[in-house]
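In: Here is a sequence with its predicted model. Questions after.
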Amino acid sequence: MSSEPPESRLIWLANALSATGSSRRQTVRLTGVARLRVLMWSRKVLALAGCDAKDFAELYTTPGLLHPKLNIYENAAREPSKRTLKAIEHGHPLDTLDQRPFEGSEELFLIGPDGVALWDVLAGVDDACHEVIADALFHTAEYALDQFGGLGPRIAAMYAVMLHGDSLGRITHGRNRWPDLSGWVNGTQPNLIEVEAEELAADNTRYGDETQQYSIRQLVAVMALWILARKDCIYRLETSYLLQGIFFRAVRETLPEVAKELEAWFAEGIEWVPTVDAG
């Protein structure tokens, strides 16, 4: 029989169980922007690799990282370290030293796809949102952001360069109709954007093709407009309509790696506008 008092044995047992539990690797799931960028990075890398995570190390060499375990990133269990990002960036097939299939993957994780600041935009960083909008307007129609003194005129400019010309030409103050890629909208229009968007579009008729493919830059700019409008509690309906008419139609093709997650992200706060067919 042990002479140790029962209380001491209970304390020892509790400490032993605690130590055992702490020694096990706990599974943690990232949330928010951190989760999205890990998912996009890992899915993009594996899509470029053309293999499953479990087979990656058998097919590719990653300098400075002997056994990359991409499976932990597939589930957004944690973020990759700087070392891992560098190793994947410079990775190449085992038998081909001069190929760099994952070049740009580090920038994708740190900034966003094609160098567009998607992660800062989703995090609601004002400077990033304005910069993305300016970049999209300049690259699409060579508009300089200082031409537009507030959020309303910038939304009007985005309408001008991204929506179909036939619909856009019918935008007028006081009418209960909205431009769309495929039709009209019935609903209230309490304060149509102050700048006449059709005037901006007059010299840019080449930009409103119904079949045009929207770029990542344009798509993220639409997100940025909506985020700024939501923060400032103005133009929420107008920017929700851009999301509805452009983002939800183009995101699966433009950002397929995280399209479903982004759809869920924006569907929670968007103010849906009912649409009717053109005619």
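Out: Cool, got the structure.

In: ok, now how distant is the residue nearest to E257 when sequence neighbours are not counted from I155?
Out: Take E257 and drop its neighbours on the chain: the residue closest to it by CB to CB, 6 or more residues apart in numbering is R43, 4.1 Å away. C-beta here means a position set from N, CA and C on the backbone, and glycine is covered the same way. Note on R43: its distance to I155, by CB to CB, to the nearest Å, is 32 Å.

In: The two: which has the busier surroundings?
Out: It is I155, of R43 and I155, that has more neighbours when counted by other CB atoms under 10 Å, with 27 against 16.

In: right, and the more buried one touches S240 too?
Out: No - checked against CB atoms under 8 Å, the pair I155 and S240 is beyond contact range at 11.1 Å.

In: what about the helix or strand in which L219 is found, average pLDDT?
Out: Secondary structure assigned from DSSP states H and E places L219 in helix 216-232. Model confidence over helix 216-232, given as mean pLDDT, is 93.

In: Going forward, the N-terminal residue is numbered 227.
Out: In the new numbering, first residue 227, that becomes helix 442-458.

In: Do a quick rundown of the strands in the stretch 277-426 of the chain.
Out: 286-287, 318-319, 403-404, 409-412 (DSSP state E, counting those that start in this stretch).

In: Quick one: list the elements packing against the second one.
Out: The criterion is 3 or more CB pairs under 8 Å, 6 or more residues apart in numbering; DSSP states H and E, and the helices and strands that strand 318-319 contacts are strand 286-287.

In: Point out the other helices and strands that the strand it packs on packs with.
Out: strand 318-319.

In: ok, the strand it packs on: who's next to it in the sheet?
Out: Sheet pairing for strand 318-319, assigned by DSSP bridges, gives strand 286-287 (antiparallel).

In: Going by neighbour count, which residues of the following helix or strand past the helix holding L445 are buried?
Out: Using DSSP H and E, the helix or strand that follows helix 442-458 towards the C-terminus is helix 462-468. Along helix 462-468, the positions that meet the burial threshold by neighbour count (16 or more other CB atoms under 10 Å) are 463-468.

In: Return the member of those residues nearest to V484.
Out: Lowest distance from V484 to those (CB to CB) belongs to L468, with 19.5 Å.

In: Model confidence for that closest one, exactly?
Out: At L468, the pLDDT value in this model is 84.

In: What residues does it make contact with?
Out: Shown in contact with L468 (CB atoms under 8 Å, 6 or more residues apart in numbering): 381, 384-385, 388, 448, 451-452.

In: could you redo the last one with a cut-off of 7 Å?
Out: Contacts were defined as CB atoms under 7 Å, 6 or more residues apart in numbering; by that measure L468 touches 384, 448, 451-452.

In: Pick out the shakiest of the strands of the stretch 277-426 of the chain, pLDDT-wise.
Out: The weakest mean pLDDT among those belongs to strand 409-412, with a mean of 33.

In: if we can go back for a sec, now the buried residues of helix 462-468 as JSON lines including distance to L265?
Out: Putting these into JSON lines (distance: CB to CB, whole Å) gives the following:
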{"residue": "L463", "distance to L265": "31"}
{"residue": "E464", "distance to L265": "30"}
{"residue": "T465", "distance to L265": "25"}
{"residue": "S466", "distance to L265": "25"}
{"residue": "Y467", "distance to L265": "28"}
{"residue": "L468", "distance to L265": "25"}
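
In: which of these lies closest to L274?
Out: Closest to L274, out of all of the buried residues of helix 462-468 and judged by CB to CB, is L468, at 30.8 Å.

In: Look up how far L323 lies from that closest one.
Out: If you measure L468 against L323 using CB to CB, the figure is 46 Å.

In: how close does the nearest residue to I472 once chain neighbours are set aside sit to Q470?
Out: Taking CB to CB, 6+ apart as the measure, I472 lies nearest to V448, with 5.4 Å between them; neighbours along the chain are not counted. Distance of V448 to Q470, given as CB to CB: 10 Å.

In: do C355 as well
Out: 19 Å.
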